[in-house]
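Engineer: Show me the folded form of this:
(one chain, ligands or ions: 2)
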Amino acid sequence: MIDLINYGYKQFYMEEENDNSDFIPARVTEVHRELYKIISQYGEGNARLKGSMLKNVEFTEKFPAVGDFILIKYNTQGDSIITKVLKRTSIFSRPDYSGHGVGYVKTILEQVVAANFDYVFIMASLNYDFNMNRIQRYLTVAWQSGGVPVIVLTKADLLEDYTEQVSLVQKCAVGVDIVVVSAVTGFGLNRLASYMKPAKTLVFLGSSGVGKSSLVNALAGEEVMLVNTIREGDSKGRHTTTHRQLIMLTNGTMIIDTPGMRELGMWDIAEGLGEAFSDIEDLFTRCKFANCTHKSEPRCAVLEAIDNQTLERSRWETYLQLKREAKFTDDKAGYLKEKTTFYKKINKDMNNYCKSGGKY
Ligand code: GDP
Ligand code: ZN
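Structural biologist: Ligands and ions are numbered 1, 2, ... in the order given. The predicted model follows:
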């Protein structure tokens, strides 16, 4: 028997008395189109949503996400049935910007990508792409999530001196633990130890290339295991693979890593750009040419503002950098396609549910 407490479960998650012993708690480790991978006292397993959960509009924003604790009707023969998502202590969700959707579907304006994590590691590299604005945006997202943010500044081995970066972060992130690390030399990893405790769940926020995978590997040695390969008396796990979503390190710490997580901060940057740089975007309207690229055109309002020092060059460069990072948000087609697939799945589930006369 597996003790779900080792997976972060606490009695507290169960809001009301669970007097039906047919229903047991479990944790979601992977979310697939119609199938959920879960871990319960009986070990790993598959589960599906109970039909009535699909009908219940109130429930739609509560579709199970990776990290969720759920109640299942355990099935020894096949897939267990998810009857309830237990309350969440923290959540990251991905907003839907379309504003469309009708009736039943309209309520799914937020897609939860991770739940019930304890710490949010905000990762930023100390070298050339160190960017305070980005750290601040991640920090905002992290505070809103309900998890405890920890700022992890990576690649310390590449710099002689990083006191300036650290003091900048200290000023902007009062009360947040700041840890400088190097995955290459192992520097600072011991300072992360207080977060790397059994039954605790971590998530990582950070642009690609900051060293998230390297840090996980450095923390885990060679022994990152999949949650669902862990068996009693079996200490040899397979190595982690990218599509897995909730992994457990050998020391019992869990890490949630989903594609949705990787996008999270980016969406926010794109959203925030206009607000934070409205003065710059105002300038665009005053360039002589409507299609001005603000590089070398005559009567470019941006270049003029830099020239007469009403706009700091560094601020302009920050804007350009953030804009580049957020560029894939222009790839709305890709995002919408994914969303449509999500809706289609729900519609299909609804149809099946109706056709079966209410039985799933
Ligand atoms: P991720 O995209 O955030 O998962 O970043 P990766 O872990 O894949 O790292 C991106 C690149 O940075 C790789 O080439 C790593 O070898 C390198 N890298 C990661 N951590 C460190 C570090 O602490 N020091 C140095 N010098 N390079 C690092
Ligand atoms: Zn211009």
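Engineer: in the protein, which spans are helices?
Structural biologist: Using DSSP state H, the helices of the chain run over 51-55, 103-106, 132-145, 163-172, 212-220, 259-276, 278-284, 301-307, 313-325, 332-355.
Engineer: Lowest mean pLDDT across those helices, which one is that?
Structural biologist: Lowest mean pLDDT within these: helix 103-106, a mean of 38.
Engineer: can you count the residues close to the closest residue to Met132 other than its chain neighbours?
Structural biologist: Using C-beta to C-beta, 6 or more residues apart in numbering and skipping the chain neighbours, the partner closest in space to Met132 is Leu168 (5.6 Å). Every residue, glycine included, has its C-beta placed from N, CA and C. Leu168 sits with 14 neighbouring residues when counted by other C-beta atoms under 10 Å.
Engineer: Repeat that for Asp282.
Structural biologist: When neighbours are defined as other C-beta under 10 Å, Asp282 has 10 of them.
Engineer: Could you pick out the residues of the chain near ligand 2 for me?
Structural biologist: Residues of the chain lying close to ligand 2 (C-beta under 5 Å from the ion) are 287, 292, 294, 300, 302.
Engineer: Which residues outside stretch 142-149 are in contact with it?
Structural biologist: Residues external to stretch 142-149 that are found in contact with it (C-beta atoms under 8 Å, 6 or more residues apart in numbering): 88-92, 117-120, 122, 138-139, 173, 176, 203, 205.
Engineer: Now flag whichever of those is closest to ligand 1.
Structural biologist: Taking C-beta to the nearest ligand atom as the measure, Leu205 is the one of these closest to ligand 1, at 10.3 Å.
Engineer: hang on, the closest one packs against Phe121?
Structural biologist: Yes - with contact defined as C-beta atoms under 8 Å, Leu205 counts as touching Phe121 (7.1 Å).
Engineer: out of the two, which sits in the more crowded spot?
Structural biologist: Neighbour count, other C-beta under 10 Å: between Leu205 and Phe121, Leu205 has more, with 29 against 24.
Engineer: Which stretches in the stretch 151-300 of the chain count as strands?
Structural biologist: Using DSSP state E, counting those that start in this stretch, the strands found in the stretch 151-300 of the chain span residues 177-180, 201-205, 225-226, 246-248, 254-256.
Engineer: With distance to Ala193 and mean pLDDT as added columns, please give those in a markdown table.
Structural biologist: Output for these, formatted as a markdown table (distance: least, C-beta to C-beta, whole Å; pLDDT from 0 to 100):
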| stretch | distance to Ala193 | mean pLDDT |
| --- | --- | --- |
| strand 177-180 | 10 | 96 |
| strand 201-205 | 12 | 92 |
| strand 225-226 | 19 | 40 |
| strand 246-248 | 17 | 86 |
| strand 254-256 | 15 | 90 |
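Engineer: Excluding covalently adjacent residues, which one is nearest to Ala305?
Structural biologist: Excluding its sequence neighbours, the residue lying closest to Ala305 (C-beta to C-beta, 6+ apart) is Leu311, at 3.7 Å.
Engineer: burial count for the residue in the stretch 51-200 of the chain positioned nearest to ligand 2?
Structural biologist: Of all residues in the stretch 51-200 of the chain, Asn133 sits closest to ligand 2, at 21.8 Å by C-beta to the ion. Asn133 sits with 18 neighbouring residues when counted by other C-beta under 10 Å.
Engineer: ok, it touching Thr318?
Structural biologist: Yes - if you go by C-beta under 8 Å, Asn133 and Thr318 touch, sitting 6.0 Å apart.
Engineer: returning to that earlier point: quick check: the two most widely separated of the contacts of stretch 142-149?
Structural biologist: Spanning the widest gap among these are Arg88 and Ala173, at 24.7 Å by C-beta to C-beta.
Engineer: my read: Asp3 touches Tyr42, true?
Structural biologist: No - between Asp3 and Tyr42 there is no contact under C-beta under 8 Å: 11.7 Å.
Engineer: out of those two, which sits in the busier spot?
Structural biologist: Tyr42 (16 against 9).
Engineer: and the residue nearest to the more buried one when sequence neighbours are not counted, what does it touch?
Structural biologist: Spatial nearest neighbour of Tyr42, excluding adjacent residues (C-beta to C-beta, 6+ apart): Tyr74 at 6.4 Å. If you count contacts by C-beta under 8 Å, 6+ apart, Tyr74 has them with 22, 24, 40, 42, 45, 80.
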